[in-house]
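Student: sequence and predicted structure below; questions after.
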Amino acid sequence: ETGVTQSPTHLIKTRGQQVTLRCSSQSGHNTVSWYQQALGQGPQFIFQYYREEENGRGNFPPRFSGLQFPNYSSELNVNALELDDSALYLCASSIKSSGANVLTFGAGSRLTVL
Amino acid sequence: GQQVMQIPQYQHVQEGEDFTTYCNSSTTLSNIQWYKQRPGGHPVFLIQLVKSGEVKKQKRLTFQFGEAKKNSSLHITATQTTDVGTYFCAGPGSNYQLIWGAGTKLIIKP
């Protein structure tokens, strides 16, 4: 059973640029959620994808967007990067049918915006 | 909006001492989950509590869910260096999200 994998692990961008982060969900999981974790804080929910559609979104602006593919992998895209977007971006997969929404996280992508 | 508060922010203990973190929700929760994040790592699921007043144990870790399902605690007996990390509680919110506490960082004094 493979876990959740994310790429890239680290990246540096400048303000105004765009970034795409990728996530492969754990085998057997059909739902992907993305979280932003600033240093010293708890994860903040960005959005969740199920059946290739966004079905839940946190308090993030539209320049944060995503995709889920038929194989349940996912992308997070952030446009017009701002300095405050510097954070660890965590992808988590789960099984929607379980109802418990227990999350299995990837190791994260650490984004630095200069 | 819905909030999950967690205290303390940090706890320094000598190895062998006990550790406790407390979690309070502004709303009644259907369940509460606990995660551990090692330094430089990612959150790892520990346990989920569902029933009012539920108590679950995992070796030296004891988890409780309050009678009103608005608070929870995690107690670690006789801490070891492997326990170092940040412990988060999280409860379900709207829009399929988990609402997370800010975490309690367990630090073992040298």
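Tutor: Cool, got the structure. Residues are numbered from 1 along each chain as shown, chains lettered A, B, ... in the order given.

Student: CA atoms for contacts and neighbours, from now on please.
Tutor: Fine.

Student: residue A:41 versus residue B:64, what's the distance?
Tutor: Per C-alpha to C-alpha, to the nearest Å, residue B:64 is found 23 Å from residue A:41.

Student: can you list contacts of the lowest-mean-pLDDT helix or strand in chain A?
Tutor: Least confident helix or strand, chain A: strand A:53-57 with a mean of 91, by mean pLDDT, DSSP states H and E. For strand A:53-57, contacts defined as C-alpha atoms under 8 Å, 6 or more residues apart in numbering or on different chains pick out A:45, A:46, A:47, A:48, A:49, A:66, A:67, A:68, B:95, B:96, B:97.

Student: quick check: closest non-adjacent residue to the first one.
Tutor: In space, residue A:45 comes closest to residue A:35 once its chain neighbours are excluded; the distance is 4.6 Å by C-alpha to C-alpha, 6 or more residues apart in numbering or on different chains.

Student: so in that sheet, which strands flank the host helix or strand of the one you found, and in what orientation?
Tutor: In the assignment (DSSP states H and E), residue A:35 maps to strand A:31-37. Strand A:31-37 sits in its sheet next to strand A:44-50 (antiparallel), strand A:87-94 (antiparallel), going by DSSP bridges.

Student: with neighbour numbers in mind, choose between residue B:64 and residue A:41.
Tutor: Applying other C-alpha atoms under 10 Å in any protein chain shown to residue B:64 and residue A:41 shows that residue B:64 carries more neighbours, namely 21 against 16.

Student: on the three-state scheme, that one is what?
Tutor: Three-state call for residue B:64 (DSSP: H, G, I helix; E, B strand; the rest coil): strand.

Student: for it, what are its contacts?
Tutor: Neighbours of residue B:64 in contact, by C-alpha under 8 Å, 6+ apart: B:49, B:53, B:54, B:55, B:56, B:72, B:73, B:74.

Student: now it: how far from residue B:78?
Tutor: Relative to residue B:78, residue B:64 is positioned 18 Å away (C-alpha to C-alpha).

Student: which bits of chain A sit near chain B?
Tutor: Within chain A, the residues that sit near chain B (C-alpha under 8 Å from any C-alpha of the partner chain) are A:40-45, A:47-48, A:55-58, A:90, A:102-108.

Student: re earlier: would you mind finding the most buried of the strands paired with strand A:31-37?
Tutor: Scoring the strands paired with strand A:31-37 by mean neighbour count under mean count of other C-alpha atoms under 10 Å in any protein chain shown gives strand A:87-94 as the most buried, with a mean of 25.
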